[in-house]
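> requesting a structural model of the entry that follows:
(2 chains)
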Amino acid sequence: MDKRQFQEYLQKNILILDGATGTELQKRGLPTGIAPELWVGEHPERLIELQQEYLAAGSGVLLTCTFGCNRLKLAEYGLGEKVVEFNRNLVGLTKKISGGGAWVAGDISTTGRFVEPFGDLPFEEAVNIYKEQVRGLIDGGVDFFFIETMADIQEARAALLAVKESCDSPVWVSLTFNEDGRTLTGTDPVTALITLQSLGADAVGCNCSTGPEAMLEIIAAMKPYAKVPLLAKPNAGLPKFSGEQTVFDMEPAEFGRYAPLLVEKGVNIIGGCCGASPEYIRALVDNLREARPILGDSPGVTAVTSARRTVFIGPGFPVTVVGERINPTGKRSLQADLSKGKMTEARRLALEQTAHGATVLDVNVGMPGIDERETMLRAVDQLAVASDLPLALDSSSLEVLEAALRVYPGRAIINSISAETEKLKSLLPVAAKYGAAFILLPLNERGVPETGRERIALIEAVYREAVKFGFRKEDIIVDGLVMTVSSNQKAAVECLTVIDWCGRVFGANTIIGLSNVSFGLPERSWINGAFLAMAVGKGLTMAIANPASDVMIHIKLAADVLTAKDVNGKNYIDYFTTRDREKQDIVSLPTQEATTIPGRIFKAVVEGDKELIEDLLRKGAAEGYGAKCLMDEYLIPAINKVGDLFEKKRYFLPQLIQSAEVMKQACAYLEPRLKEENGAVAAARINIVMATVKGDIHDIGKNIVVLMLRNYGFNVHDLGKDIDAPTIVNKAKEVKAMIIGLSALMTTTMVEMSKVIALAKTEGLKCKFLVGGAVVTPEFAREIGADAYAKDAQAAVRIARQLSSN
Amino acid sequence: MTEKVYNFENIPSRPETDAILARMGYHRELTRVNARDGLLINEGIQQGLAFCNNKGAYRRCKLSEIRDERIHFGAEHHFQSASLARMLRGSREVVLMAATVGPEITRAIAGEMAAGSPFRAVVFDAVASEAADAILDWMKDFIDKILLREGKKLTRHRFSPGYGDLRLENQRIIFDLLNLSQIGLKLTETYILVPEKSVLAVAGVEGIESNG
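Sure thing, here's the model as predicted:
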């Protein structure tokens, strides 16, 4: 059947599929541990019996017994070389059974490995594995293809592309959704639908994992956005494990009663999955005798997707902010990372922009000295997992865009396609193949037209070309192309003319690169903000901007309220209410009145203010406060105060550290002055040797203890991590340590602590032993002869002071 | 059920900010943070998350028998643990799991300490620890969804070697069975995983019994 026949048939009919194959073959003797495809080849009569029963029950489609007939699955049975042969033969068998009484669909399902970026199977390898299977199915003469029980959108895309690149036959794609309404890798039904129908699936739907009741919600969610028929192939209820086998809990009559309900929700194609034997199909047929398909073309909604989220764009939705910051221009950290092949900074920018309210991320990795294609592929892989936001793929290279679109696990936006003839010729087919939306730049070989009218002419010209590739207006986002008003004051007005025309007359989304308008002017945020408000008033639906700009985000939120896109002002109210609540949480700390310099010194330590401390100490000295006075009467009491706040949980660890750092700075500043004041008599400092024991590599806890002890004037000799007993003991002897502090984080390494203590005692050391670490307990400390156990850095300081004063 | 290892190269899990803060001692009712520190902490959390490269692996193994606190599974392996034996009493399989946030965050923590920024090091450390746990939580959820189709589920709890009476040395068994060098892990002679922010776990597979 070709696509046109398929569409015509479904205009008038509900298509009934067959039911379960795997569970039914098990009932007919299929043993575990053998490839079903091999077994059916040896016992064809079992499949013949089953599929004839489906035909008799009323199935209009028989699926070939090739569910796991791909190289990876067959290789588990040592049959990896039999892919084409098995597929061809099994198609032949089902065609014979059908005898023209039903269509024959080539059944394709998962390889059992997860596809990159999520899993470890390279995307292109997955496509090739499926192409091999498709070859066999085509050889056998299937009428169309059914890709089913897909748990990962990327694997579904690989299979779909494999079919599309092999032939023109119709291809359906069905995913399996769990109780939470998402696939295993987190894709919701609408996202799956948008992605797959854009990529060229001729029907999309759901099968397996659940019974018909849960599928009502899935189909209802999909239907408003479906441009293709929808299918549902539920299990015979929910699975339960009974003794040695899985059974299903729904009877055929109840199963059948859901059929008209599913059709009402929008299903055009229906069948049964696990547990649904021929009686279940008969029940479907009996309940659908009067049913007629609900047809409908979805309204022209623009939707783009990531693997796990759909973002709707249009006049009825809040303005979409496209985060612009993943672009190496002017960003040294990002440039450094990209040139080393790293994506850390790109991920950080993705997280930051998401937190600030972006709903799409623009990704541009073009810079000299790197392979842009490879870098873009890495970026797409990493960002597809790091962020839920759809991506706008930003490159002037066809090769880069094509490669990125192929592996992007959603429906992307191409940034951009201009009216230049060569660009149109090369990019439109690629955009169409991968179902991408695109930003239309109304410029051509002669450059950017100055007037709005000229740009409108280019927009219409590009649209005429795009229509030939199947694009509709909702697939296009027109860039108003704002130039800076500092060189042409009419630039903003011309851009607004385009935006207005696109919204009011043409009917397409619009976008602007916000910051362009103010280039060269001072205080740019006001120009950008005013322009944004004006553009939204004219119908703008998207803006490329830095979402961290408060001015921009606040104006966007306000504009969404004023244009009734933010229903009941919910987003606006939530945003500012949350912000105000966060401010209220910031309570003034109970520090003393900070009008005097010493008071401000105290406050700087308590509040962890590194920037002020040295200047304040200088002023203190200038006012006649001695170093010892400042240390003993203000700094030490301040750090004690911090310890007290920490113990009462008014402070937590980062604040403790922040204050400790200020104290460290203050001590470093005062140390020469203290020596001066004390003359030749330097205060004796207590020596402590600290180490993480041999075999253990964890040291952050120990490092914080070191920092705190130094704050309190201890002379700490930090030996580092993975240090053996002799090294620790020798150092303690050398510096005449009063205390040895030991850290261990694992049960296998804490035993080293007793070795250190035993060796030290053998060598005649009289020092005290202080131990700590995640697995260390006071009981253990006692057992090994330690003098004390410290549960955290603050406790370590307190105990060290006690031990040294004793 | 085939006893093969499934590897994940990029796991889309994310630790809760509340959990990261709690790991550093934040108390919702008591702790107060000024605007400057709040901003620094949030930036540190975002940067820390960006340093995490979440990977994981799991494998299902048939449980042969549990006898005298000895759990025999797979071809010829066993764990010795009374607590684990109790947890696995109703199970037919064991699932071995591994999670790692990769080496970059550990390097970043060391880098911050060396550069005299313990504040950021501590934030990164908390992010990494919570991120590793979040990966395991994600994997448990993932495996549960697969098992549900078979009418099965994971045990509510999971065990990590080094806790209770499941000795740390058992990390070697899990490491080898999951072939964890494939996702960039190493195991030291003292059974410590490298990179540091990695964790192994064992859970059981039980049936969801039919009502009939």
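> now do the SS call for the closest residue to residue A:656 other than its chain neighbours.
Nearest residue to residue A:656, sequence neighbours excluded (Cβ to Cβ, 6 or more residues apart in numbering or on different chains): residue A:646, at 4.8 Å. Just so you know, the C-beta spots here come from the backbone N, C-alpha and C atoms, and that holds for glycine as well. Secondary structure, DSSP: H, G, I helix; E, B strand; the rest coil: residue A:646 is helix.
> so where is the chain shaky, pLDDT-wise?
Picking chain A for this. For chain A, applying pLDDT under 70 flags the ranges A:243-244, A:296-297, A:580-593, A:678-684.
> my question was about chain B
Looking at chain B by pLDDT under 70, you get B:1-2, B:209-212.
> so who does the residue nearest to residue A:656 touch?
A:652, A:653, A:655, A:656, A:794, B:25 (Cβ atoms under 8 Å, 6 or more residues apart in numbering or on different chains).
> can I get these in TSV with neighbour count and distance to residue A:42?
Converted to TSV, these look like this (neighbours: other Cβ atoms under 10 Å in any protein chain shown; distance: Cβ to Cβ, whole Å):
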residue	neighbour count	distance to residue A:42
A:652	25	67
A:653	23	66
A:655	27	72
A:656	28	72
A:794	21	73
B:25	18	65
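> can you tell me how far the residue nearest to residue A:656 is from residue A:797?
10 Å (Cβ to Cβ, to the nearest Å).
> show me which of the contacts of residue A:646 is closest to residue A:770.
residue A:794 (13.3 Å; Cβ to Cβ).
> run a quick neighbour tally on residue B:55.
Here the number of neighbours of residue B:55 (other Cβ atoms under 10 Å in any protein chain shown) works out to 23.
> you'd agree it is up against residue B:12?
No: taking Cβ atoms under 8 Å as the definition, residue B:55 is not a contact partner of residue B:12, at 11.8 Å.
> closest to residue B:189 among the contacts of residue A:646?
residue A:653 (31.4 Å).
> residues in contact with the closest one?
Residue A:653 touches A:646, A:704, B:24, B:25, B:122, B:126, counting by Cβ under 8 Å, 6+ apart.
> would you mind giving those residues as JSON lines with secondary structure and distance to residue B:84 added?
Below are the contacts of residue A:653 laid out as JSON lines (DSSP: H, G, I helix; E, B strand; the rest coil; distance: Cβ to Cβ, whole Å):
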{"residue": "A:646", "secondary structure": "helix", "distance to residue B:84": "37"}
{"residue": "A:704", "secondary structure": "helix", "distance to residue B:84": "33"}
{"residue": "B:24", "secondary structure": "coil", "distance to residue B:84": "31"}
{"residue": "B:25", "secondary structure": "coil", "distance to residue B:84": "31"}
{"residue": "B:122", "secondary structure": "helix", "distance to residue B:84": "33"}
{"residue": "B:126", "secondary structure": "helix", "distance to residue B:84": "28"}
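> of all these, which comes closest to residue A:121?
Ranked by distance to residue A:121 (Cβ to Cβ), those are led by residue B:126 at 33.5 Å.
> any idea how far the closest one is from residue B:99?
Noted for residue B:126: a distance of 16 Å to residue B:99, by Cβ to Cβ.
> mind listing what residue B:172 touches?
Going by Cβ under 8 Å, 6+ apart, residue B:172 touches B:187, B:191.
> how far off centre is the helix or strand containing it?
Here residue B:172, judged by DSSP states H and E, is contained in helix B:171-178. In terms of Cα atoms, centre = their mean, to the nearest Å, the gap separating the centre of helix B:171-178 from the centre of its chain is 14 Å.
> buried set for that helix?
Counting neighbours by 16 or more other Cβ atoms under 10 Å in any protein chain shown, one finds that the buried residues in helix B:171-178 are B:171, B:173, B:174, B:175, B:177, B:178.
> shouldn't the fifth one be in contact with residue B:95?
No: between residue B:177 and residue B:95 no contact is recorded; they are 11.0 Å apart, counting by Cβ under 8 Å.
> between those two, what contacts are shared?
With Cβ under 8 Å, 6+ apart as the test, residue B:177 and residue B:95 both reach B:59, B:61.
> for the stretch 351-500 of chain A, which residues are neighbours of chain B?
By Cβ under 8 Å from any Cβ of the partner chain, the residues of the stretch 351-500 of chain A that approach chain B are A:351, A:352, A:355, A:381, A:382, A:384, A:385, A:386.
> tell me the contacts of residue A:546?
A:323, A:324, A:325, A:515, A:552.
> which ones among those map onto helices?
Secondary structure from DSSP state H places residue A:552 of the contacts of residue A:546 in helices.
> of the contacts of residue A:546, which is the most crowded?
residue A:323 (27 neighbours).
> any idea how far it lies from residue A:365?
Residue A:323 is 15 Å from residue A:365, where distance means Cβ to Cβ.
> same check, this time on residue A:20
The gap separating residue A:20 from residue A:365 is 47 Å, by Cβ to Cβ.
> residue A:526 is in contact with residue A:555, correct?
No: Residue A:555 is not in contact with residue A:526 according to Cβ under 8 Å; the separation is 10.2 Å.
> okay, these two: which has more neighbours?
The neighbour count for residue A:555 versus residue A:526, taken as other Cβ under 10 Å, is higher for residue A:555 (21 against 12).
> what's near enough to touch that one?
A:529, A:532, A:533.
> surely the first one is in contact with residue A:552?
Yes: shown here, residue A:529 and residue A:552 form a contact pair, counting by Cβ under 8 Å, at 6.3 Å.
> picking up where we left off before, which among the residues of the stretch 351-500 of chain A next to chain B end up buried?
With burial judged by 16+ other Cβ under 10 Å, the buried subset of those is A:351, A:352, A:381, A:382, A:384, A:385, A:386.
> okay, those in a markdown table with secondary structure next?
Formatted as a markdown table, these follow (three-state DSSP):
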| residue | secondary structure |
| --- | --- |
| A:351 | helix |
| A:352 | helix |
| A:381 | helix |
| A:382 | helix |
| A:384 | helix |
| A:385 | helix |
| A:386 | helix |
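> of the residues you listed, closest to residue A:486?
Distances from residue A:486 to these, taken by Cβ to Cβ, are shortest for residue A:352, at 28.9 Å.
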